[in-house]
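Peer 1: after the sequence you'll find the predicted model.
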Amino acid sequence: MIESYSTVAGQLFGLVTLILCVWAFSNKQDDRLLVLLLSANVAFALQFMFFASWTAAALSLLVVARIALARRYPGSKAAMAIMLAASGAAAVLTWQSWADLPAIVAMVLGTVGMFLLRGIPMRVFLGLGAVAWMVSHLLVGSVGGTLAEGFVLLTNTITIYRLYRAKQRYQEVIN
């Protein structure tokens, strides 16, 4: 009976992340995107905890710290290295099987993207990370989490296109 409650709770938090992620990636403003991602990743961590996917849960919590650090120290290679080291340590401590690998790939892509990139390139790296997170959600059986990452990919792609169009249209203002 407890296992079924965990599954329902995991699915519920997956649906919460769906709403937060679509809202986040539909924003053109990097700061608003990052703030909304903080909330979504807390929900992702709770979802993965309910599904007993400990590496994904730990890395989702570290994503919250990563977003805060990336906002405070944009472009900092030292902060990025610390975040990657903490992620590596968390992965080693929580590793259960090769099913944990997609979460690790997602964490690395997101960390590099958030610390070293802005605008379209950052969103491309976050989109690639979303593909890896989607695999993690599929492996644990999270319907909401899988849909959240699918919608992240869709809205992120649309936002990248909108940013590209704006850059082309207002090239003399942006450059």
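Peer 2: Looks like it came in fine.

Peer 1: can you give me the helices in the protein?
Peer 2: Remark: helices assigned in the chain by DSSP state H are 2-25, 30-50, 54-72, 77-94, 101-116, 119-140, 143-169, 171-174.

Peer 1: make CSV out of those and add mean neighbour count and mean pLDDT.
Peer 2: C-beta coordinates here come from the backbone N, C-alpha and C atoms, glycine included. Converted to CSV, these look like this (neighbours: other Cβ atoms under 10 Å; pLDDT from 0 to 100):
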stretch, mean neighbour count, mean pLDDT
helix 2-25, 18, 86
helix 30-50, 20, 88
helix 54-72, 21, 93
helix 77-94, 15, 98
helix 101-116, 22, 96
helix 119-140, 20, 94
helix 143-169, 17, 89
helix 171-174, 8, 66
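
Peer 1: surely residue 127 touches residue 155?
Peer 2: No: counting by Cβ atoms under 8 Å, residue 127 sits too far from residue 155 to count as a contact (9.9 Å).

Peer 1: and residue 156, what does it touch?
Peer 2: Going by Cβ atoms under 8 Å, 6 or more residues apart in numbering, residue 156 touches 25, 123, 126-127, 130.

Peer 1: tell me the two of these that are most distant?
Peer 2: 123 and 130 (9.9 Å; Cβ to Cβ).

Peer 1: got the contacts of residue 156 as CSV, with distance to residue 49 columns?
Peer 2: Below are the contacts of residue 156 laid out as CSV (distance: Cβ to Cβ, whole Å):
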residue, distance to residue 49
25, 24
123, 28
126, 23
127, 25
130, 20
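
Peer 1: of the residues you listed, just say which sits nearest to residue 77.
Peer 2: residue 126 (18.7 Å).

Peer 1: which residue, neighbours along the chain excluded, lies closest to that closest one?
Peer 2: Sequence neighbours aside, residue 113 is the residue nearest to residue 126 in space, at 5.4 Å (criterion: Cβ to Cβ, 6 or more residues apart in numbering).

Peer 1: and the gap between that neighbour and residue 169?
Peer 2: As for residue 113, its distance to residue 169 is 25 Å (criterion: Cβ to Cβ, to the nearest Å).

Peer 1: sorry, back to before: intersection of neighbour lists for residue 127 and residue 155?
Peer 2: Counting by Cβ under 8 Å, 6+ apart, nothing touches both residue 127 and residue 155.

Peer 1: OK, contacts around the residue nearest to residue 126?
Peer 2: With Cβ under 8 Å, 6+ apart, residue 113 has these contacts: 121-126, 129.

Peer 1: in JSON lines: those residues, plus distance to residue 163.
Peer 2: Formatted as JSON lines, the contacts of residue 113 follow (distance: Cβ to Cβ, whole Å):
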{"residue": "121", "distance to residue 163": "10"}
{"residue": "122", "distance to residue 163": "10"}
{"residue": "123", "distance to residue 163": "8"}
{"residue": "124", "distance to residue 163": "11"}
{"residue": "125", "distance to residue 163": "14"}
{"residue": "126", "distance to residue 163": "13"}
{"residue": "129", "distance to residue 163": "18"}
